[in-house]
Each structure stands twice: as C-alpha cells, then as structure tokens.
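A.B. asks: Got a sequence here, can you build the structure:
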Amino acid sequence: MSGLYAHQKAAMEQMKSGCVLCGEVGSGKSRTALAYFTAKVCGGYSTYDGAHSCLRRPRPLYVITTARKRDTMDWDTEAVPFLISSEGFSVCEFHVDSWNNIGKYTDVHGAFFIFDEQRSVGRGAWSKAFLKIAKGNDWVMLTATPGDVWMDYATLFIANGFYRNITEFRNEHVVYSRFAKYPKIDRYVNTGKLERLRKRILIPMEFSKEAVRHEEWIKVGYDEELYAKFAVNRWNAYENEPILNASQYCQLCRRVVNEDRRRCEAVWNILNRCRKAIIFYNYNYELSLLSEMLLERQYPHAEWNGHRHNPLPDGEVWAYLVQYTAGAEGWNCVTTDTVIFYSLNYSYKIMEQAQGRIDRMNTPYKDLWYYFVFCDADIDKAVRRCLKRKTIFNEKAFAGL
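C.D. replies: You can find the predicted model right below:
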C-alpha cells in the first residue's frame with residue numbers, strides 16, 4: 001500500500017469488521033477504509049496510484065455519508081484510484097447515499113458498509129436501521145468524534161454483540177437520577193468494562209500535522225440595555241410578550257448579541273487582513289447581516305446553506321458563508337488558511353468539524369487561523385464554557401425556566 005501514509009497503514013492493519021476508525025478531520029480516514037476494503041475484505045491489492053489487481057473476493061460496497069458528501073461526489077473521487085466507481089467500470093458494486101436514506105438498505109445482506117461519521121447515537125430511525133444493517137453485513141465506521149458520553153457508544157456496542165439490546169446496556173451501566181422529572185442519567189457504573197470494550201473497537205489514527213492551528217478570540221460589544229430586557233425581565237421585546245420557554249429565551253438572547261453591527265465590523269476587519277475566509281454562522285438573520293455587508297462593500301462571496309449550494313469561490317479575494325448544520329462537515333478547502341466563526345455553535349463536535357474544513361493533510365499552509373467572535377454577554381460566556389469542556393450547551397440549565 002505504497003500510496004498510504006505510515007499512520008494510515010498502521011491503522012489499516014488493526015482494522016476489522018465492527019471497528020471505528022477514529023482520526024482527526026483531514027487524517028485520511030476515507031482512503032484508509034477503501035484500502036482496507038480492497039486489500040483485507042476483498043483480497044485485492046492497491047497502491048493508490050492506479051495499480052490494482054483483481055479482487056479475489058469482490059463484495060458490494062455501500063457508503064453511508066453526509067448529504068453534502070454524496071451530492072459533491074467526494075467518495076466517488078476517493079474511490080477512483082481503487083478502480084471503484086458507481087458509473088462505468090468498477091471492480092465491485094458501489095453505492096453512495098446519505099444517512100437520511102439509510103432505511104433503504106436494511107434488507108441488504110453480505111455486503112460491506114462504510115459509515116462515514118457517527119450518526120447512530122440514540123434510539124431513532126437511523127440507529128435502528130444501523131443495527132439491522134450491522135447484523136447482516138460487515139462494516140466499519142469513520143469519525144473524528146465517536147462519542148462524548150457512554151450512551152453515545154451504546155449502539156456501537158450492541159452492533160458488535162457486546163450487549164443484546166439497549167435495555168441490557170442500561171441495566172448494567174446506567175444509574176438514573178431519583179429526583180429528576182424526566183429520565184436523567186446521574187452516573188455510569190462498571191465503567192472499567194466500558195473502557196475495555198471501547199478499546200476493542202476504536203482504531204486511533206495518530207499522526208503529526210505540519211500545519212499549526214492558531215486561535216484568536218475577537219471580543220466585541222453588544223446592546224446591554226436590550227439584552228437586560230430579556231435576561232432580567234424575561235420579556236420578549238421583539239414581540240412585546242412574555243418569554244415562553246428556555247429555548248425561546250436563549251434564542252432571543254443570542255439574537256441580541258449576534259445582530260449587533262459591531263460583530264459584522266469585526267468580521268470585516270479580519271477579511272481586510274486575510275482576504276479569503278470561510279465564515280460559519282448559525283441563523284438566517286446572521287446570514288442576512290453578513291451578505292448585506294459584503295454586498296454593500298462589493299466583496300465577492302458565496303453561500304452554502306439549506307437554500308443555496310454555491311461552490312467555493314475562486315480568486316484572491318472572497319468570503320464563503322457556511323451555515324453550521326448544512327456545511328460543518330463533508331467537504332474540504334485548501335485554498336485558504338482562515339476560518340471566521342461569526343457566532344459559536346452549541347456543539348463541540350460541530351465546532352471541531354468546522355475547523356477541520358481547512359485542516360487537511362494536503363493543505364499548502366503551515367499556519368491555520370481561526371477567529372472566534374464573542375462578547376461578554378452571559379449567553380456567549382456560557383456557550384464558550386461548554387465548548388471548552390467539550391459538552392453540549394444546555395438551554396434549560398442556562399435559562400433556569
């Protein structure tokens with residue numbers, strides 16, 4: 001496997017059906033999984049430079065990935081050097097689809113599945129479909145963030161046969177709070193066993209990066225008087241009515257700080273220095289402010305969100321406005337060294353994925369720059385604390401409603 005890096009070769013030798021290939025964004029998990037499939041599963045050999053022997057044990061290959069990766073055909077591009085294709089000549093049957101359509105493949109048997117990103121958490125439709133597929137097929141999962149708490153690993157453990165079902169897992173390891181009004185996990189027990197099981201399925205991809213990440217936190221002001229109307233009086237000043245719940249309270253507080261024009265000016269100052277940048281945002285009103293500013297100043301820009309799927313801009317000056325949910329994962333950019341976070345996302349996983357869009361092994365840059373715009377409002381400080389602890393922001397706990 002001369003086309004693989006040393007850390008990819010080492011990981012491939014440890015891989016087995018039911019494993020989770022865990023590596024930072026940009027570490028080459030897709031290439032490693034395809035090499036494992038052709039060499040270990042199908043008995044072929046690939047140098048990743050086009051040379052490829054016939055597969056002695058060919059099997060259908062299914063890739064379940066993000067909608068964006070499917071639409072932009074990232075996996076098709078990755079598979080070409082292995083002579084795998086969904087169109088034209090291919091050494092094996094090849095299908096790529098999104099997690100949204102995972103239910104279509106529950107009747108497939110005897111194939112090999114690559115699950116790109118961890119989406120099997122919980123007891124929803126995706127998790128149930130994943131378990132059905134895992135029973136009748138060999139599979140591997142690729143992710144940079146396999147789980148924050150032990151419940152995130154429950155489905156993976158069940159798929160590997162360590163537990164019969166979620167009930168057995170809960171009975172053995174989960175202690176619920178006695179005083180909560182809803183099922184709330186108080187603590188986990190027998191975690192030594194969980195540590196051993198996790199070690200059995202996680203295959204780490206450790207490598208030293210040449211590019212160095214630099215973080216800068218840009219502090220801006222906000223309308224403290226308007227913020228107090230929400231935070232102190234618990235009154236919706238936009239609709240002139242009481243705040244109904246914790247979610248609305250947090251959304252309104254965020255709107256006050258994120259709509260402040262000083263935030264846009266901070267972004268503009270960064271753009272004047274770096275010239276090319278990806279800008280992540282959360283809400284539509286943030287997009288309106290950013291696009292309005294860029295249009296007024298005739299700054300070339302494009303968008304990726306639920307409504308527009310513009311490609312990355314070309315040239316020496318541009319801004320790429322990306323909504324977290326739509327574009328935090330599943331694409332790469334090596335034409336800029338700068339990411340600006342107009343507002344913070346609640347999820348550490350999403351923030352890490354967003355940073356990984358420019359942190360690739362083939363980036364030509366030695367230094368990567370990440371600018372986080374924030375203010376001193378309680379809502380921003382609380383979200384920032386959660387990100388530092390690598391936990392998800394809890395609206396109910398913050399609002400106290």
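A.B. asks: So which elements touch the least confident helix or strand in the chain by mean pLDDT?
C.D. replies: One helix or strand of the chain scores below all others by mean pLDDT, DSSP states H and E: strand 235-236, with a mean of 80. Contacts defined by 3 or more CB pairs under 8 Å, 6 or more residues apart in numbering; DSSP states H and E place strand 235-236 against strand 241-242. All C-beta spots, glycine's among them, are computed from the backbone N, C-alpha and C.
A.B. asks: list the helices and strands the strand it packs on packs on?
C.D. replies: strand 235-236.
A.B. asks: Sheet-wise, list the partners of the strand it packs on with their directions.
C.D. replies: Applying DSSP bridges to the sheet, strand 235-236 is found paired with strand 241-242 (antiparallel).
A.B. asks: three-state assignment of residue 141?
C.D. replies: strand (DSSP: H, G, I helix; E, B strand; the rest coil).
A.B. asks: Look up the residues forming beta bridges with it.
C.D. replies: Beta-bridge partners, per DSSP bridges, of residue 141: residue 20, residue 115.
A.B. asks: Pretty sure it sits against residue 118.
C.D. replies: Yes: contact criterion CB atoms under 8 Å: residue 141 and residue 118 qualify, at 6.5 Å.
A.B. asks: And for residue 40, the neighbour number?
C.D. replies: 14 (other CB atoms under 10 Å).
A.B. asks: close enough to count as contact, it and residue 15?
C.D. replies: Yes: between residue 40 and residue 15 there is a contact under CB under 8 Å: 6.9 Å.
A.B. asks: Find residues that contact each of those two.
C.D. replies: Common contact partners of residue 40 and residue 15 (CB atoms under 8 Å, 6 or more residues apart in numbering): none.
A.B. asks: Flag the shaky bits of the stretch 301-401 of the chain, pLDDT-wise.
C.D. replies: 401 (pLDDT under 70).
A.B. asks: quick one: the helices in it?
C.D. replies: For the stretch 301-401 of the chain, the helices defined by DSSP state H, counting those that start in this stretch occupy 324-327, 348-355, 378-389, 395-399.
A.B. asks: hey, which of those is tucked in deepest?
C.D. replies: Stretch with highest mean neighbour count among the helices of the stretch 301-401 of the chain: helix 348-355 (a mean of 21; mean count of other CB atoms under 10 Å).
A.B. asks: Helices of the stretch 51-200 of the chain, residue ranges please.
C.D. replies: According to DSSP H, counting those that start in this stretch, the stretch 51-200 of the chain carries its helices in the segments 67-71, 74-79, 125-136, 154-159, 166-173, 191-201.
A.B. asks: closest to residue 89 out of these?
C.D. replies: helix 74-79 (12.0 Å; CB to CB).
A.B. asks: Great, nothing more from me.
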